[in-house]
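[1] Just the structure for this:
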Amino acid sequence: MHAPIICMFMTVQIKVFLLSVYITFCLSFIPSGIANFIVKERATGARQLQALSGASHLSYWAANLSYDVALYIVPALSVPISLHFFGYNMLLEGDCGLALAAVLAAFGPAVAGFAYLVSFLFKDHSKASNAILSFCLIGAIVLSTVLFILSIVNYNPTAEYPSACDYPTKAHPEGTCLSPQARQADRILGPIFRLVPTVCLYQALFAIALVANIQAVVPEGAMEAMMATSGSVKGMPKLSLSPFAYEWAGEPLRFLLAEAVGFFVAAVLLDTMLHSPRLERSLDAASWFRRIASWRAGRNSSEEARLSPLINSGNSIGNSAGDDSVEAERERAAIAAKQ
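    Predicted coordinates for the structure are as follows:
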């Protein structure tokens, strides 16, 4: 009875998986250009010249973020335009369109901050560009595929909690997971992989496309009736068809919003710390040698100051002993002369 429904969901998932990977693959080239420009500025001395001119760290990174987000508007707008021309209008309508706009708007600052943070690891702009491009492509293809496989293994649209198979229910206290190991790996690797913005973008696009396809296949009246009875009928799937729901695009969207702020703040703080005069002095090898030399000189002077009273007292004793021996010699010489 449930086999046709499961096969339909599997087919839709594979279809939207490829669509999400294609879009994420195209947008993965954006951080490569951002990192190339940032590292090249440091290598040519333009960043140091701006600092000498009085530009603060916050103003420098805020200007870069504004510039990069402004350039990101063009590829961001090309995504819905391409979806429209290729016949994916269901992703642009209703809540799915709003969710798509929110994800694309959050992805720009998040991927820019990610590129700023990773750029500190490189001194050559070409190496930085190639490394970040490779890493984002891996996130868009390999890491996204791993999460997709781990999630689809236990996904059951007829279960009470389709995407949370480990959620205990009265009928299934231990959950309905076909592979508990896959679910555990998904819970561990998911937050780690989502630190790469392209992984969050893929998951959000995948969820939005999946919800849009479900809304297009299932009649609107039947879907509303199923959602209305899901809370009262025991065993019915407790699933929201809003793309902003946490089990759909809500979780990756929250990650993107947090990364948009967190990566930028981390880049500003790290740049401030690396260019702090106090930190530069502590990391400078020559300053460390000077500190050791001054410490040794101070230690030697303190030792001399501590031992000088003993040396002076010894000299005074020696001098007095010398004077007594001279007088004794004179007395012996006088007695010998009288005899």
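[2] Distance check, Ser20 against Lys170.
    Ser20 sits at a distance of 35 Å from Lys170 (criterion: Cβ to Cβ, to the nearest Å). The C-beta positions use only the backbone N, C-alpha and C, and glycine is treated the same way.
[3] Please identify which of those two sits among more neighbours.
    Ser20 (23 against 8; other Cβ atoms under 10 Å).
[4] Quick check: what element follows whatever helix or strand that one lives in along the chain?
    Taking DSSP states H and E as the criterion, Ser20 maps to helix 3-27. Next helix or strand after helix 3-27 toward the C-terminus (DSSP H and E): helix 30-44.
[5] Packing partners of the next helix or strand after that following helix?
    Using DSSP H and E, the helix or strand that directly follows helix 30-44 along the chain is helix 46-52. Contacts defined by 3 or more Cβ pairs under 8 Å, 6 or more residues apart in numbering; DSSP states H and E place helix 46-52 against helix 30-44, helix 57-85.
[6] any idea which of these is most buried?
    Ranked by mean neighbour count under mean count of other Cβ atoms under 10 Å, those are led by helix 30-44, which reaches a mean of 20.
[7] what's next to that one, contact-wise?
    Outside helix 30-44, the residues that touch it by Cβ atoms under 8 Å, 6 or more residues apart in numbering are 46-48, 64, 68, 72, 75, 111-112, 114-116, 118-119, 122-126, 128-130, 132-133, 136, 197.
[8] Quick one: buried ones out of these?
    47, 64, 68, 72, 111-112, 114-116, 118-119, 122, 125, 128-129, 132-133, 136, 197 (16 or more other Cβ atoms under 10 Å).
[9] Just the ones of those residues in helices?
    Taking DSSP state H as the definition of helices, the buried ones among the contacts of helix 30-44 contribute 47, 64, 68, 72, 111-112, 114-116, 118-119, 125, 128-129, 132-133, 136, 197.
[10] Domain ranges for the chain, per the record?
    3-278, 284-339 (automatic domain parsing).
[11] and the ones you listed, which one is worst for confidence?
    Here the lowest mean pLDDT among the domains of the chain goes to domain 284-339, at a mean of 59.
[12] As a check, name the ranges of all helices in the stretch 101-250 of the chain.
    According to DSSP state H, counting those that start in this stretch, the stretch 101-250 of the chain carries its helices in the segments 125-138, 144-154, 180-193, 197-217, 220-230.
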